[in-house]
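In: I'll drop the sequence and a predicted model, then ask my questions.
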Amino acid sequence: MRQSGIKRRLETAVVGGGLAGLAAATVLAENGARVTLYEREDILGGRAAAWNDELKDGTSFQMERGFHAFFRQYYNLRALMRRVDPELSCLTPMTDYPVLGEDGAKASFRALPKRAPLNIAELVRRTDSLGLQALLQIDRKAAAAMLAFGPHTYERYDHMSAREYLDSLSFPEEARRMLFDVFSHSFFSREENLSAAELLMQFHFYFMGNPEGLVFDTMNVPFSRGLFNPLGHYLRSLDVNVQTGTAVERVERAPGHANGYDVHVGSRSTRFDGVVLGLSVNPLRELVARSKTLGNETWRSDVDALEVTWPFVVWRLWLDRPVAAHRAPFAGTAGVGLLDNISVYEKLEDESRAQAEQRGGSVVELHAYAVDPVHHEEAIKTNLLAGLHELYPETRDATILEERYLCRWDCPAFAPGSHARRPSVITPERMVTLAGDFVRIEQPSALMERAVTTGFIAANSLLGHRAQEIESVPRSGVLSALKL
């Protein structure tokens with residue numbers, strides 16, 4: 001995949017150094033393009049970045065925006081990672097994906113069959129709240145739509161909210177919380193603000209149509225060491241001009257009849273043959289608003305209509321005593337206040353393991369997704385801590401030695417009715433493409449995998465050929481022909 005003998009090297013700019021931009025820059029550079037990568041922050045990684053921090057005793061560590069699961073159907077993300085870690089040695093396989101609820105409720109995805117409907121049958125067998133009487137009350141036609149995902153799904157269900165769809169199933173309340181809440185929260189969204197079509201896509205991508213199973217791998221080192229620093233070195237070895245700490249103000253068509261696009265940074269501009277916009281929602285909207293000659297009125301309006309969800313919270317705690325030895329490295333939660341999951345970081349990555357061993361305690365991270373902005377920090381912390389104490393009672397007497405609290409409001413929304421006008425990789429400009437986890441594509445995907453997949457597609461489009469193969473789970477479910 002090295003340089004392919006292009007007569008005149010394609011001059012390209014990639015705006016944004018997150019996963020989408022890095023994926024695009026990698027494929028472009030490997031295939032002979034001359035690439036300049038602009039990232040406004042001082043580090044690469046975008047919303048998955050890790051940055052330097054320091055504990056009170058002077059111990060340095062990498063802080064991140066929270067735990068990330070590397071599902072095994074993240075084929076394109078793994079293809080990107082193999083550029084710098086061919087054996088994926090930075091990943092550790094998990095054996096289970098537990099979901100914990102109130103009053104001791106627990107769901108487990110350990111060792112489920114990998115194919116539908118066998119995986120569904122086994123999950124139903126394991127779920128105590130899904131007895132025969134409850135199963136007879138479920139709307140079987142509505143439930144079958146989870147096996148029937150396909151292109152028609154957006155036409156039939158995008159106008160509907162995830163809450164309305166889940167209500168139509170008539171699932172027992174406990175089973176609904178334990179089995180379905182985790183999926184809607186995967187998009188950092190509340191059920192009433194999430195498209196039912198996107199929810200059905202998630203069911204398909206993560207469970208119904210996923211041949212790899214629902215259990216995932218985790219990064220055993222901070223993201224900076226495992227991926228972003230090595231990938232930055234790799235790009236520089238391909239002569240990519242990596243400019244961190246550099247914000248692009250606007251991108252304009254070359255004036256007159258000249259070809260190309262002028263990328264403006266401060267008082268200077270540089271002309272490129274093509275541009276990948278690999279930005280998250282708000283920076284993209286702002287850049288397009290300033291770039292007066294870019295695209296057409298409809299496209300610009302569609303970009304401006306993009307929204308972000310309610311904030312999410314990451315609260316990392318250094319405790320003076322360990323959690324119980326049997327606690328899972330990661331557990332989803334349901335029905336326990338604002339708490340959406342718990343990570344025991346010393347069971348995940350080496351830095352936290354060293355910190356926990358030195359102090360004889362634990363490093364625990366609590367997440368809350370789609371938090372109503374009316375909640376203040378202290379109220380959120382009180383609620384999260386109560387959830388931790390309920391699920392892990394051994395932490396009730398623990399002292400918090402240190403903490404890091406992050407509240408971010410920048411994840412893309414997938415609201416009911418938004419799919420039809422969601423921008424795709426291809427824009428009205430032949431040599432300008434979009435990439436990001438909010439971009440509409442044909443391949444079922446989400447989160448980090450969608451970011452990388454769109455980056456690969458964006459690069460292929462500028463190159464004019466399929467330089468990078470795009471892998472995907474099956475695009476349709478086993479009952480898709482019924483168009484339920």
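Out: That came through, no problem. Not measured: the values here are computed from a predicted model.

In: CA atoms for contacts and neighbours, from now on please.
Out: Will do.

In: so where do the strands sit in the stretch 1-150 of the chain?
Out: 11-15, 34-39, 50-54, 60-64, 70-71, 91-93, 99-101, 106-107 (DSSP state E, counting those that start in this stretch).

In: Mean pLDDT lowest where, among these?
Out: The minimum mean pLDDT among those belongs to strand 106-107 (a mean of 84).

In: So what are the sheet partners of it and their directions?
Out: Paired with strand 106-107 in the same sheet, following DSSP bridges, are strand 99-101 (antiparallel).

In: Give me the contact list for the partner strand.
Out: By CA atoms under 8 Å, 6 or more residues apart in numbering, the surrounding residues in contact with strand 99-101 are Lys106, Ala107, Ser108, Met178, Ala331, Gly332, Thr333, Ala334, Gly335, Val336, Leu391.

In: Swap in 7 Å and give it another go.
Out: The contact list for strand 99-101 (CA atoms under 7 Å, 6 or more residues apart in numbering) reads Lys106, Ala107, Ser108, Met178, Ala331, Gly332, Thr333, Ala334, Gly335, Val336.

In: Tyr405 falls within a helix, correct?
Out: No: Tyr405: not assigned to a helix; according to DSSP: H, G, I helix; E, B strand; the rest coil it is strand.

In: and it, what pLDDT?
Out: At Tyr405, pLDDT is 98.

In: my guess is it contacts Phe312, does it?
Out: No: Tyr405 sits out of contact with Phe312 when judged by CA atoms under 7 Å, with a separation of 10.8 Å.

In: Now for the contacts of strand 99-101: which two are most distant?
Out: Comparing all pairs in those by CA to CA, the longest separation belongs to Ser108 and Val336, at 17.2 Å.

In: follow-up on the earlier one: need the winner for burial among the strands of the stretch 1-150 of the chain.
Out: strand 11-15 (a mean of 27; mean count of other CA atoms under 10 Å).

In: can you count the residues close to His257?
Out: By other CA atoms under 10 Å, the residues close to His257 number 7.

In: repeat for Ala415
Out: When neighbours are counted by other CA under 10 Å, Ala415 comes out with 26.

In: Please name the residues that touch it.
Out: Asn193, Leu194, Ser195.

In: can you do 10 Å?
Out: Shown in contact with Ala415 (CA atoms under 10 Å, 6 or more residues apart in numbering): 158-162, 189-198, 306-309.

In: can you give me the helices for the stretch 1-150 of the chain?
Out: 19-30, 75-81, 118-126, 132-137, 140-144 (DSSP state H, counting those that start in this stretch).

In: Can you tell me which of those is nearest to Ile380?
Out: The nearest among the helices of the stretch 1-150 of the chain, by CA to CA, is helix 19-30 at 29.7 Å.

In: quick one: Val242 from Gly18, how far?
Out: 12 Å (CA to CA, to the nearest Å).

In: Domain boundaries for the chain, per the record?
Out: Using automatic domain parsing, the domain ranges for the chain come out as 11-47+224-307+422-463, 50-94+216-222+309-408, 111-211.
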